[in-house]
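S.K.: with the input below, show me the fold.
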Amino acid sequence: MAISMYHASVPVFLQLLGGLKGVIEKAEAHATAKKWEENTVLNERLFPDMFTLARQVRQASEHAFGAGRAAGVQVPSLPAIDNSYAEMKSRIDKTIDFLKGLKADQLDGQEDREVTITAGGQERKFRAQNYLYHFAMPNFYFHTTTAYNILRSLGVEIGKRDFMGQMPS
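M.R.: The predicted structure follows:
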């Protein structure tokens, strides 16, 4: 049996976004206990030429919206950057709500639909299936993993189970 674009992407996005929200919550508690400035944590990065924690969360959200773009559905427009833990968690919640509203019949069957995005200042055109599987999903994994790694490098007590989130039953 073939797996549908919806089932290969949306449940995975939802699972890992739940995990991302959980690690942000643990980071917030850790930073509060250590009396760290919120802005300092949000602007942490692994290396000077990499995105900040807040930007990693934004990028993860934008790439999760890829399921909607592949379906031809208008995706929400969210702020360019988050300035607090609350704003990051709100972004994740809005992304989750959007994905939960996306139905399989909106995405499945759209494999050959053209998706046009701007990446790195350049317009790029993709076949929807290639966009979702070879651009949106790998980028989503990269940014969720990098956000996790930034927090882990700060000593936040999180592990693989936190990253993975709740698996669907």
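S.K.: any idea how far residue 146 is from residue 47?
M.R.: 10 Å (CB to CB, to the nearest Å). (C-beta placed from N, C-alpha, C; glycine too.)
S.K.: who has more neighbours, those two?
M.R.: With neighbours defined as other CB atoms under 10 Å, residue 146 and residue 47 compare such that residue 146 has more, 20 against 5.
S.K.: pLDDT score assigned to the more buried one?
M.R.: As summarised for this prediction, residue 146 has a pLDDT of 98.
S.K.: surely it and residue 50 touch.
M.R.: Yes - here residue 146 reaches residue 50: they are 7.1 Å apart, a contact under CB atoms under 8 Å.
S.K.: what are the ranges of the strands in the protein?
M.R.: Along the chain, counting by DSSP state E, strands occupy 114-119, 122-127.
S.K.: what strands line up against the first one, and which way round?
M.R.: With DSSP bridges as the criterion, the sheet partners recorded for strand 114-119 are strand 122-127 (antiparallel).
S.K.: contact partners of the strand it pairs with?
M.R.: Here strand 122-127 makes contact (CB atoms under 8 Å, 6 or more residues apart in numbering) with 111-118, 135.
S.K.: mind redoing it with 6 Å?
M.R.: Here strand 122-127 makes contact (CB atoms under 6 Å, 6 or more residues apart in numbering) with 112, 114-117.
S.K.: from those, pick the one nearest residue 90.
M.R.: Closest approach to residue 90 among the contacts of strand 122-127 (CB to CB): residue 117, at 23.7 Å.
S.K.: what residues sit buried inside the lowest-mean-pLDDT helix or strand in the chain?
M.R.: Least confident helix or strand of the chain, by mean pLDDT, DSSP states H and E, is strand 114-119 with a mean of 94. Going by neighbour count (16 or more other CB atoms under 10 Å), the buried part of strand 114-119 is residue 115.
S.K.: run the chain-centre distance for that strand.
M.R.: Offset of strand 114-119 from its chain centre (CA atoms, centre = their mean, to the nearest Å): 18 Å.
S.K.: ok, and what's touching that strand?
M.R.: 69-70, 124-126, 128, 131.
S.K.: just the buried ones out of the residues you listed, please.
M.R.: So, by 16+ other CB under 10 Å, the buried ones in the contacts of strand 114-119 are 69-70, 126, 128, 131.
S.K.: tell me the one of those residues nearest residue 34?
M.R.: Using CB to CB, these come closest to residue 34 at residue 69, 38.7 Å.
S.K.: and the closest residue to that closest one other than its chain neighbours, how close does it get to residue 102?
M.R.: Nearest residue to residue 69 in three dimensions, chain neighbours excluded: residue 115, at 5.4 Å (CB to CB, 6 or more residues apart in numbering). The gap separating residue 115 from residue 102 is 15 Å, by CB to CB.
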